[in-house]
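Q: no FASTA, just this:
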């Protein structure tokens, strides 16, 4: 009874399905240029892993060819599935395995007594076969003797054994090729177990069907359902998991809920009482992913730690003991976990550095550490195929990423490009993905950042294994300083320059304004030491420096300095340092407009039209005395 992980940020990550077709000759299709997010799936007595290059690897029991290497030989270290590339999702069942390729087709191998490979036969296959008549698939799920697929249109399809109605087609007929699950649409994730299936809809509700003898369908009854029924009193769900006879849901607030069989406290509510409707797991509030195994459950916290509860006779909770736990306990010596999967008494996780760790029952070598020792109650590392090193799903994994800019001030409408450097230099997948914390302020595409409106946005570069670096982008707010001789207006509000009524100066035909005033209006700190030393204004990533009696202004940003020549040297008057406003505009990437007759100045962003500028010039004249 294997269960799959559902990731908090990828709502369509699910445990998924297998399909097959008549045996054909597969070529390893351009895996060298294909990259995907690594994935794990723990089966009943074996484990499957998807590498970032799109290849699939497996280890453990192989009695029905579920490892896909063309043999029935047990493996205690990873072996590559034959002739299969460009895979983007995997799922391991009891004795058959399923893979989803990036072209939307599904492939399966292993045990096929009930047609769970989907190729129209009941013949086992030691290598992948294509599922017939199925495409446009985006997720898969499988367990024991049946398989499911979620298509891009939100419908669910199923095939294989159906004695408890687990295919959801309203019958108990075995199906040797895919049939549509009744009434379901707008589904974004599916998971399956021994004989029941759980689906998550886009509206955050959860639906289930199949066996319900333990209340695992969550509808308040113990009646089997041949078609989907809604789980009671559950919404705002972002991920689901299914255990042997229990089900689990992760809500958008980070809490975990469970229902069904509870004889080993797998529901985590501190009891052993069966629940036919969801109950809240105790002491968890910041979870990002969940997975369920045979009578036990695990959760991945946002801090990268793993918590477990329920059955523990083989150490599958990873806390160093073999004692049942009725509430979550922390897995020993484990952090920086990225994804996880629980199966038939063992658990496997992927860390951010690409390494794999496993614990629990080790029959048939399914922990992948080169042994078949009965059990491990704490995590052990999965070995490489040669048994000499350690398996890594990223190949040579990134250890860090840095950016050539860590902060930048950018005017509206302007762009610049950030260059990332991923270490080490020989990393297998050096590409990064980009995101902006506020796309209304700044957007990013392939490292090119474009300012949209005033505010602050954090641009993040992320490697395939989760290493990040950031650049703080400050886009000046909409600023319009309309200066008369004694008054100033900012954003339509009339103000004096300061409480003392300081006047701007007109020197050499240039409007001079106190630097402190500019800082106050822009929300930028101005630092004075004394009148004989440089004065600085810090605005976002920029540091503007002026010195009294000097016609030079320097602007430093990310270690790069440019010099601006002032028409009139910085002046000290009444204890205030005055500089030409035009220079401030140039330093801070504003456009400065002059009215030749009145020396009124407007500092505006690029959105200001010519008519608006002229209107404001006219308004400002009224304040001149």
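A: Yes, it's here. None of the values given here were measured: they were computed from a predicted structure.
Q: domains of this protein?
A: The domain map for the chain lists 6-381, 400-475, 481-621, with the assignment taken from automatic domain parsing.
Q: so where's the protein shaky on pLDDT?
A: 1-33, 476-506, 509, 511, 516-534, 539, 589-609, 612-625 (pLDDT under 70).
Q: now the helices: where do they sit in it?
A: Counting by DSSP state H, the chain has helices at residues 515-522, 581-588, 610-621.
Q: thinking residue 237 is in contact with residue 205, fair?
A: Yes. Contact criterion C-beta atoms under 8 Å: residue 237 and residue 205 qualify, at 7.1 Å. In short, each C-beta sits where N, CA and C put it, glycine included.
Q: neighbour-wise, which of the two wins?
A: A side-by-side neighbour count of residue 237 and residue 205, using other C-beta atoms under 10 Å, places residue 237 first with 22 against 15.
Q: I'd like the distance from the more buried one to residue 358, if you could.
A: 28 Å (C-beta to C-beta, to the nearest Å).
Q: Check residue 161 too.
A: 28 Å.
Q: more crowded one of the two?
A: Taking other C-beta under 10 Å, residue 161 and residue 358 do not tie; residue 358 has more neighbours (26 against 20).
Q: can you pull the contacts of that one?
A: Counting by C-beta atoms under 8 Å, 6 or more residues apart in numbering, residue 358 makes contact with 47, 346-349, 366-369, 376, 379-380, 382.
Q: Just the buried ones from these, in ChimeraX syntax?
A: Listed next is the ChimeraX selection for buried residues among those, using 16 or more other C-beta atoms under 10 Å:
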select :47,346,347,348,349,366,367,368,369,376,379,380,382
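Q: In strands, which of the contacts of residue 358 appear?
A: Members of the contacts of residue 358 lying in strands (criterion: DSSP state E): 47, 346, 347, 348, 349, 376, 379, 380.
Q: can you pull the contacts of the first one?
A: Read that as residue 47. 40-41, 58-60, 92, 343, 346, 348, 358, 366-368.
Q: Pick the one among the contacts of residue 358 closest to residue 393.
A: Residue 393 lies nearest to residue 382 out of the contacts of residue 358, by C-beta to C-beta, at 9.6 Å.
Q: What distance do you get for the closest one to residue 367?
A: Residue 382 is 7 Å from residue 367, by C-beta to C-beta.
Q: anything in contact with each of those two?
A: Common neighbours of residue 382 and residue 367 (C-beta under 8 Å, 6+ apart) are 348, 358.
Q: returning to what we had before: list just the nearest of the contacts of residue 358 to residue 216.
A: Using C-beta to C-beta, those come closest to residue 216 at residue 347, 20.2 Å.
Q: doesn't residue 340 make contact with that closest one?
A: Yes. Here residue 347 reaches residue 340: they are 6.6 Å apart, a contact under C-beta under 8 Å.
Q: What residues sit buried inside stretch 295-313?
A: Going by neighbour count (16+ other C-beta under 10 Å), the buried part of stretch 295-313 is 295-301, 304, 306-313.
Q: among the residues you listed, which are in strands?
A: Per DSSP E, the buried residues of stretch 295-313 map to strands at 296, 297, 298, 299, 300, 301, 306, 307, 308, 309, 310.
Q: Contacts only, for the fifth one.
A: With contact taken as C-beta under 8 Å, 6+ apart, residue 300 is in contact with 5, 287, 288, 289, 290, 291, 306, 337, 339, 340.
Q: The last one contacts residue 306, doesn't it?
A: If I follow you right, that is residue 340. Yes. If you go by C-beta under 8 Å, residue 340 and residue 306 touch, sitting 6.2 Å apart.
Q: what residues are shared contacts of the two?
A: 298, 300, 349.
Q: Let me know the closest of the residues you listed to residue 469.
A: Once C-beta to C-beta is applied, the member of the shared contacts of residue 340 and residue 306 that ends up nearest residue 469 is residue 300, at 23.3 Å.
Q: Just grab the bridge partners of the closest one for me.
A: residue 289, residue 306 (DSSP bridges).
Q: cool, and residue 512?
A: Bridge pairing for residue 512 (DSSP bridges) gives the partners residue 505, residue 580.
Q: Tell me, how many residues neighbour residue 461?
A: Considering only other C-beta under 10 Å, residue 461 is surrounded by 24 other residues.
Q: Next one: it from residue 198, what distance?
A: Taking C-beta to C-beta, one finds residue 461 at 36 Å from residue 198.
Q: picking that back up, tell me which of the buried residues of stretch 295-313 is nearest to residue 415?
A: Checking those one by one against residue 415 (C-beta to C-beta), the nearest turns out to be residue 304, at 34.7 Å.
Q: which residues touch the closest one?
A: Counted by C-beta under 8 Å, 6+ apart, residue 304 has contacts 335, 336, 337, 338, 352.
Q: As a markdown table, these with neighbour count and distance to residue 580 would be great.
A: Below are these laid out as a markdown table (neighbours: other C-beta atoms under 10 Å; distance: C-beta to C-beta, whole Å):
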| residue | neighbour count | distance to residue 580 |
| --- | --- | --- |
| 335 | 13 | 55 |
| 336 | 15 | 53 |
| 337 | 22 | 57 |
| 338 | 22 | 54 |
| 352 | 18 | 51 |
